[in-house]
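J.: kindly generate the corresponding structure for this input.
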Amino acid sequence: MKPKYPLTQPFAQLPADIPIHVHNNALLPGGELPLEIKDPQQMALFFDALRSDQMLGVVQPNPEAAEAGIYRVGCAGRIRQYRERKDGRINVMLTGFCRFDITAELAADRKYRRAAVDWGRFALDYQTLDVAQTLVDTVMANLRDYFQRHQMQVDWEALNKAHIEEVVNNLVLVMNFTVAEKQLLLEALTVEDRLHVFNELLTSKGSPIWTGSSPAGALN
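T.: Sure, this is the predicted structure:
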C-alpha cells in the first residue's frame with residue numbers, strides 16, 4: 001500500500017525539472033531508501049531540496065550510457081525525515097512517490113545535477129492497484145522457499161500483513177539483484193508487471209540475499 005502523505009504534490013502539480021541523485025540502489029514508488037549525505041555536492045542538493053519542496057529524483061548509474069552515465073528512468077522521493085550527525089554527515093530517509101522519464105539534463109548552474117523530466121507514463125504511481133491473488137500467492141510462496149533454502153530467519157507475520165506492493169518495493173533494498181535487475185523492477189509499468197519481474201528474478205538467484213539487514217525490517 002502506498003503511503004499517502006498530504007504534503008506530497010498532486011500529480012498535476014509535479015515540477016518540470018528536479019534535482020537528481022545518482023545512487024546504486026533503486027527507489028520505488030511507495031518504497032523507502034536510506035541515504036547518507038556527506039560530500040559538498042550531496043549537501044547542496046539536500047539543503048536546496050529542504051528549502052523548496054523536499055523532493056529529489058533518484059537514478060541509478062548505467063555504465064553503458066556513455067554520455068550521461070545514468071539510466072533515463074528514475075523515481076522521485078520526498079525527504080520524510082533526516083538526522084544530523086556529529087561527524088557532519090546527514091542520514092536521510094526518502095519515500096518514493098512517482099517515477100519519471102528524463103528528457104534532458106540541464107546545464108550545471110549549481111553544484112549538483114538537474115534534469116527536465118516527464119511524469120506522463122507513471123500516473124498510476126499515485127494509485128494502489130489490485131493484484132490477482134494467485135500472483136500474490138505465487139510470489140509469496142517463492143519468497144518463502146527462497147528464504148528457507150538459504151536458512152534465513154524472516155518475520156513472516158510482518159511480511160504477511162504488508163501489501164504485496166510494499167513487500168516488493170522494500171525488499172529490493174536487501175536483495176542481491178544487480179543494478180540492471182533493479183532497474184527492470186523500477187521500469188515495470190504496473191504493480192502486476194513488477195511482481196512478474198520480481199518473481200522471475202527471485203527464482204533465478206542461487207545465492208543468498210542476506211546483506212546484514214532483516215528482510216522484514218525493511219518494511220518498518
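
J.: just checking, Thr138 touches Asn199?
T.: Yes - the pair Thr138 and Asn199 qualifies as a contact (Cβ atoms under 8 Å) at a distance of 6.4 Å. Using the backbone N, CA and C atoms, a C-beta is placed for each residue, glycine as well.

J.: so between these two, which is more surrounded?
T.: Shown here are Thr138 and Asn199; by other Cβ atoms under 10 Å, Asn199 has more neighbours (18 against 15).

J.: state the helix or strand in which the more buried one lies.
T.: helix 191-204 (DSSP states H and E).

J.: then that helix to CSV, C-alphas only?
T.: What follows is helix 191-204, C-alpha atoms only, in CSV (Å, rounded to 0.1, in the frame of the first residue of the first chain):
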residue,chain,number,x,y,z
VAL,A,191,2.5,-3.4,-10.0
GLU,A,192,1.5,-6.7,-11.7
ASP,A,193,4.3,-6.3,-14.2
ARG,A,194,6.7,-5.6,-11.3
LEU,A,195,5.6,-8.7,-9.5
HIS,A,196,6.2,-10.9,-12.5
VAL,A,197,9.7,-9.4,-12.9
PHE,A,198,10.4,-9.9,-9.1
ASN,A,199,9.2,-13.5,-9.3
GLU,A,200,11.5,-14.2,-12.3
LEU,A,201,14.5,-12.6,-10.5
LEU,A,202,13.7,-14.4,-7.3
THR,A,203,13.6,-17.8,-8.8
SER,A,204,16.8,-17.2,-10.8
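
J.: for this protein, which segments are assigned as strands?
T.: 17-22, 32-37, 55-59, 73-84, 90-105, 113-118 (DSSP state E).

J.: so which of those strands gets nearest Asn176?
T.: strand 32-37 (17.0 Å; Cβ to Cβ).

J.: which helices and strands does the closest one pack with?
T.: Contact partners of strand 32-37 among helices and strands, from 3 or more Cβ pairs under 8 Å, 6 or more residues apart in numbering; DSSP states H and E: strand 73-84, strand 90-105.

J.: how about these in a markdown table, adding mean pLDDT?
T.: Formatted as a markdown table, those follow (pLDDT from 0 to 100):
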| stretch | mean pLDDT |
| --- | --- |
| strand 73-84 | 95 |
| strand 90-105 | 95 |
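
J.: pLDDT weak spots in the chain?
T.: Where the chain drops to pLDDT under 70, the residues are 1-7, 66, 150, 206-220.

J.: repeat the analysis, applying 80 as the threshold.
T.: 1-7, 66-68, 108-110, 146, 149-153, 174-176, 205-220 (pLDDT under 80).

J.: looking at it, which helix is longest?
T.: helix 133-149 (DSSP state H).

J.: between helix 191-204 and that one, find me the angle.
T.: On the basis of axes from the mean of the first three to the mean of the last three Cα atoms, to 10 degrees, helix 133-149 is oriented at 30 degrees to helix 191-204.

J.: could you pull up the contacting residues of the spatially most central residue of the chain?
T.: The centroid of the chain falls nearest to Leu27 when counting by Cα atoms, centre = their mean (1.1 Å). Leu27 makes contact with Leu33, Val58, Gly74, Cys75, Gly77, Leu94, Gly96, according to Cβ atoms under 8 Å, 6 or more residues apart in numbering.
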